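[1] Show me the folded form of this:
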Amino acid sequence: MKLNTIKPAPGSKPTAKRLGRGPGSGLGKTSGKGHKGQHARAGGYHKVGFEGGQMPLQRRLPKRGFRSPTKLEKAELRLDALNRLEGEEADLLTLKQAGLIPAKALQVKVILAGALSRKIVLRGLAATKGARAAIEAAGGRVE
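    Residues are numbered from 1 along each chain as shown. Below is the predicted model:
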């Protein structure tokens, strides 16, 4: 294969309409723009969303929702996910390395969902009342 022989797949590059090239082309004279009017003129288009002076749709509809910038920084961790963790200690770094929480997480809260089958020590992590009780019942602790 040589660079001068490479061609796109057949049909992937449709030929452009050649406007204003005489009556035989089918797109001569007015070049498919009809007669007179705003759309026939040079520079005769309006901005996107313009509705002829009527209040545009994007301004008629109410604003809704909010995207929290801190949402990605907080993560929840199910109690049964701690069973998959190797070792007896869990902190932010070990959870990230194990792939149990997103890499961008800065805070983690362990929630009571599932059961914990072994002893584990949480360092620098938050836990709900129920999760804390389940961890202590399994012989672990939250620091």
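
[2] For residue 4, give me the pLDDT.
    Note on residue 4: pLDDT of 95.

[3] gap between it and residue 10?
    Distance of residue 4 to residue 10, given as C-beta to C-beta, to the nearest Å: 18 Å. Placement of C-beta: from N, CA and C, glycine included.

[4] Ok, residue 104 next?
    45 Å.

[5] okay, these two: which has more neighbours?
    residue 104 (10 against 6; other C-beta atoms under 10 Å).

[6] Am I right that that one sits in a helix?
    No - judged by DSSP: H, G, I helix; E, B strand; the rest coil, residue 104 forms no part of a helix; its state is coil.

[7] Identify the residues contacting it.
    Counting by C-beta atoms under 8 Å, 6 or more residues apart in numbering, residue 104 makes contact with 72-73.

[8] ok, and what's touching the helix ranked longest in the chain?
    Longest helix in the chain by number of residues (criterion: DSSP state H): helix 129-137. The contact list for helix 129-137, computed with C-beta under 8 Å, 6+ apart, reads 79, 110-112, 115-116, 120, 122, 127, 141-142.

[9] Can you point out the buried residues in it?
    Using 16 or more other C-beta atoms under 10 Å as the burial criterion, the residues of helix 129-137 that qualify are 131-132, 134-135.
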